[in-house]
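>>> Sequence and predicted structure below; questions after.
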Amino acid sequence: MKYRVNLYPNDLKPKVELYTLQFALVLLGFCLLLVVAGSLLVQARTEHWQEQAQQASREVQQFQKILAKQRQELQQGPSPELVDQVRRMQEQAREQRLLLRQLDTLEGQQNLGLAGLMEDLAAADHPQLWLSRISVSGSDLYLQGQLSRASALPEWLEQLAQQPSLQGRDFTDARLYQQQEKGLHFVLNTGLDPKASVGGKP
């Protein structure tokens, strides 16, 4: 019978180290790399959200400025130029309604001369001038109206002189005057007393 005898004690046997210094350093470096990468990722995310928050804040501030400006404009009300323009348009519409009523009244009259006169007045229409009163008595004529610029009156008179029923008529009274808050007005009269007018506004 054979027996094996181990003459090496346990403390002389080679020991296998599971965790060497080199392994520990590699593991530590890997952990540090993970920490640094995580920190960079968190920082990038934070900067991205901060940038978006700042952009949103700027947009809110810009919107608030626009809203404040609009609110201020609403509190100030419409501009004086717009109010004056609306007032003039309302005045012009009122004068035109009066003239239409006069034309409706004159329409019922069977005076062919008067009908021709009204047709000639309509043919000599001027965009910067409108009539508010027409009075006729025989061969006498009284015209009153409003215009947006002074040069429109002589232009309109040239057109009137070309109309058949108005040729040879001389206006003995021709006036152009400024009425407060109502613009320029004019009066043309061949000698008729406006208070004794026929077919016009008394």
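Good, I have the coordinates. Model, not experiment: these values are computed from the prediction.
>>> all strands for this structure, in order.
Along the chain, the segments classed as strands by DSSP state E run 129-137, 140-147, 173-179, 183-189.
>>> Would you tell me which helix is longest in this structure?
Using DSSP state H, we find that the single longest helix of the chain is helix 21-76.
>>> Give me the distance from that one to the chain's centre.
Offset of helix 21-76 from its chain centre (CA atoms, centre = their mean, to the nearest Å): 40 Å.
>>> quick one on the thing from earlier: now mean pLDDT, distance to Pro80 and mean neighbour count too, for the strands of the chain, in TSV please.
(Each C-beta comes from the backbone N, C-alpha and C, glycine too.) Output for these, formatted as TSV (pLDDT from 0 to 100; distance: least, CB to CB, whole Å; neighbours: other CB atoms under 10 Å):
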stretch	mean pLDDT	distance to Pro80	mean neighbour count
strand 129-137	86	24	20
strand 140-147	88	20	20
strand 173-179	85	18	11
strand 183-189	89	15	18
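>>> Let's have those in JSON lines, adding distance to Gln54.
Converted to JSON lines, those look like this (distance: least, CB to CB, whole Å):
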{"stretch": "strand 129-137", "distance to Gln54": "60"}
{"stretch": "strand 140-147", "distance to Gln54": "60"}
{"stretch": "strand 173-179", "distance to Gln54": "59"}
{"stretch": "strand 183-189", "distance to Gln54": "55"}
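>>> So which elements touch the longest helix of the chain?
Applying 3 or more CB pairs under 8 Å, 6 or more residues apart in numbering; DSSP states H and E, we find helix 21-76 packed against no helix or strand.
>>> Pull up the gap between Phe30 and Ala24, please.
11 Å (CB to CB, to the nearest Å).
>>> what do you get for Leu129?
Noted for Leu129: a distance of 105 Å to Ala24, by CB to CB.
>>> And for Asp84?
91 Å.
>>> measure Gln61 to Leu67 for me?
Separation of Gln61 from Leu67 (CB to CB) stands at 11 Å.
>>> should've said Leu33
Leu33 is 51 Å from Leu67, by CB to CB.
>>> same thing with Ala150?
Ala150 sits 45 Å away from Leu67, going by CB to CB.
>>> what do you get for Ile134?
53 Å.
>>> Name the nearest residue to Trp156, sequence neighbours excluded.
Nearest residue to Trp156 in three dimensions, chain neighbours excluded: His126, at 4.5 Å (CB to CB, 6 or more residues apart in numbering).
>>> Surely that neighbour touches Leu157?
No - His126 is beyond contact range of Leu157, at 9.8 Å (criterion: CB atoms under 8 Å).
>>> Following the record's annotation, map out the domains of this structure.
Segmentation of the chain into domains, based on automatic domain parsing, reads 21-77, 80-196.
>>> Off-centre distance for the first one?
Distance, stretch centre to chain centre, for domain 21-77: 39 Å (CA atoms, centre = their mean).
>>> Report the contact partners of the nearest residue to Ala174 once chain neighbours are set aside.
Spatial nearest neighbour of Ala174, excluding adjacent residues (CB to CB, 6+ apart): Leu188 at 5.5 Å. Neighbour list for Leu188: Leu141, Tyr142, Leu143, Gln144, Leu157, Phe171, Asp173, Ala174 [criterion: CB atoms under 8 Å, 6 or more residues apart in numbering].
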